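S.K.: with the sequence up front, the predicted model follows.
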Amino acid sequence: MKIHEFQAKQIFRKYQVPTPNGGLALDSEKARQIASEIGHFPVVVKAQIHAGGRGKGGGVQLAQSLDEVCKHTEAIIGMNLVTHQTGPEGKIVKQVLVEAGVNIEKELYLSLIPDRETACILVIASEAGGMDIEEVAATTPEKIIKVHINPLSGIQPFHCRKVSFGLNLPSAVIKEFSQMLTRLYHLFIENDCSMVEINPLVITKENRVLALDAKMDFDDNALFRHKDLLEFRDLDEEDPLDVEASKYNLNYINLDGTVGNMVNGAGLAMAVMDTIKLAGAEPANFLDVGGGATAEMVENGFKIILSDDKVKAILINIFGGILRCDVLAKGVVEAARKTEIKVPLVVRMEGTNVEEGRRILAESGLDLFTADDMKSTGEIVAKIAAS
Ligand code: GDP
Ligand code: MN
């Protein structure tokens with residue numbers, strides 16, 4: 001689960017990670033009030049969407065007066081902000097963060113992520129931070145430093161020194177930076193984060209270290225331990241089909257292709273996506289209804305795939321273990337009765353009660369293709385999707 005910058009900064013403040021003063025505004029009147037409370041200029045007006053690259057897209061503006069704060073707020077709220085992370089369709093901005101401007105001496109990059117290969121928390125940092133970090137990583141990777149922290153020992157002073165020296169920090173800020181990194185590490189662990197990114201982390205002309213930007217992502221599988229964080233969820237920022245699927249506990253991810261598919265078990269789902277690709281087509285989604293799926297879950301999953309306009313064919317591939325084939329067949333028939341199916345449907349099932357399942361499908365009167373093995377299944381759907 002991703003959250004907005006202003007929300008991440010609230011968590012930062014809780015952990016005493018320094019950020020500029022500011023507040024959230026939904027209109028220019030509120031923006032003016034926050035700016036006058038800040039009391040000095042420049043003031044920064046920042047679009048709040050779940051995507052980076054806002055600066056380059058015109059979503060971050062400096063204001064030198066209260067009138068300019070209002071002008072920028074009015075221009076940004078309601079705009080369709082297109083950045084390299086939103087995709088070409090962009091994102092409508094609904095709120096802005098109004099913040100005290102900072103005298104920037106240097107922009108750094110700092111992030112924490114779990115590193116699966118080493119089972120450590122990985123600190124990634126660069127003294128070439130700011131809006132072009134992707135380019136730095138691509139052209140001068142030596143400017144990116146990495147420090148692994150073993151979660152069993154936790155963060156130690158030597159980790160902080162390693163990062164500080166790697167960033168060529170002036171000695172006057174090393175202590176403050178080390179304290180900040182230590183706090184960020186605790187924040188990361190205690191909230192089960194999957195990413196914390198600060199770009200830029202700035203050193204000010206007054207030699208202070210401040211998080212000017214803040215991005216956080218949480219491990220969804222650990223959110224049950226953090227009920228308070230759920231308040232931060234903004235459904236408007238998520239893919240509508242993903243949101244619908246999460247209501248029914250379905251593991252669904254919307255993708256770019258044309259072959260919708262519903263599978264039970266993540267491993268089988270991955271294999272099915274490989275099969276689709278091998279046959280020359282692209283999957284429209286990943287959908288694992290889970291081992292213990294009910295007819296209702298199958299029906300809901302099916303409805304979600306059907307409501308996806310780009311889907312040209314649907315493949316259902318179920319291995320009947322805990323989810324029996326007859327239960328699956330009933331779910332498919334139910335969903336098909338309630339929703340008009342405009343695209344060809346291919347069903348492959350094997351396992352418990354497969355004969356009963358096939359009978360239900362055959363007697364349903366539904367116009368569908370059945371396939372026996374993985375290879376022919378992929379070939380059938382790819383052919384249909386391409387036609
Ligand atoms: P992003 O483009 O979505 O990552 O948004 P950021 O929050 O990183 O802001 C983009 C850029 O705006 C930063 O890299 C800074 O150069 C600039 N910026 C943000 N806040 C301030 C500020 O307080 N003062 C100044 N001078 N520049 C700022
Ligand atoms: Mn940024």
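M.R.: Arrived safely, thanks for sending. Ligands and ions are numbered 1, 2, ... in the order given.
S.K.: from what I can see Gly331 touches Lys303, true?
M.R.: No - using C-beta atoms under 8 Å, Gly331 is not in contact with Lys303; the gap is 10.4 Å. C-beta: built from backbone N, CA, C; applies to glycine.
S.K.: those two: which is more packed in?
M.R.: Using other C-beta atoms under 10 Å as the criterion, Gly331 and Lys303 rank with Gly331 on top: 25 against 17.
S.K.: residue contacts, that one?
M.R.: Gly331 makes contact with 293-299, 302, according to C-beta atoms under 8 Å, 6 or more residues apart in numbering.
S.K.: near ligand 1, which residues of this protein show up?
M.R.: Residues of the chain lying close to ligand 1 (C-beta under 6 Å from any ligand atom) are 44, 46, 52-55, 60, 62, 101-102, 104, 107, 130-131, 199-200, 212-213.
S.K.: also within reach of ligand 2: list those from those residues.
M.R.: Among the residues of the chain next to ligand 1, the residues lying close to ligand 2 (C-beta under 5 Å from the ion) are 199, 213.
S.K.: could you flag which of the residues of the chain next to ligand 1 are buried?
M.R.: Neighbour-count burial (16 or more other C-beta atoms under 10 Å) is assigned, among the residues of the chain next to ligand 1, to 44, 46, 52-55, 60, 101-102, 107, 130-131, 199-200, 212-213.
S.K.: in strands, which of those fall?
M.R.: By the criterion of DSSP state E, membership of those in strands covers 44, 46, 60, 107, 199-200.
S.K.: show me what contacts the residue of the chain found nearest ligand 2?
M.R.: Across the chain, no residue is closer to ligand 2 than Asp213, which sits at 3.6 Å (C-beta to the ion). Taking C-beta under 8 Å, 6+ apart as the contact definition, Asp213 lies against 5, 52, 197-200.
S.K.: from those residues, which shows the smallest pLDDT?
M.R.: In terms of pLDDT, Gly52 ranks lowest among those, with 92.
S.K.: how about the secondary structure of the closest residue to that one other than its chain neighbours?
M.R.: Nearest non-adjacent residue to Gly52, counting by C-beta to C-beta, 6 or more residues apart in numbering: Gln85, 5.1 Å away. Per DSSP: H, G, I helix; E, B strand; the rest coil, the local secondary structure of Gln85 is coil.
S.K.: Gln85 - how many residues pack around it?
M.R.: Using other C-beta under 10 Å, Gln85 has 13 other residues around it.
S.K.: residues contacting it?
M.R.: Contacts for Gln85 (C-beta under 8 Å, 6+ apart) come out as 51-53.
S.K.: let's see it at 10 Å
M.R.: 49-54, 57, 91 (C-beta atoms under 10 Å, 6 or more residues apart in numbering).
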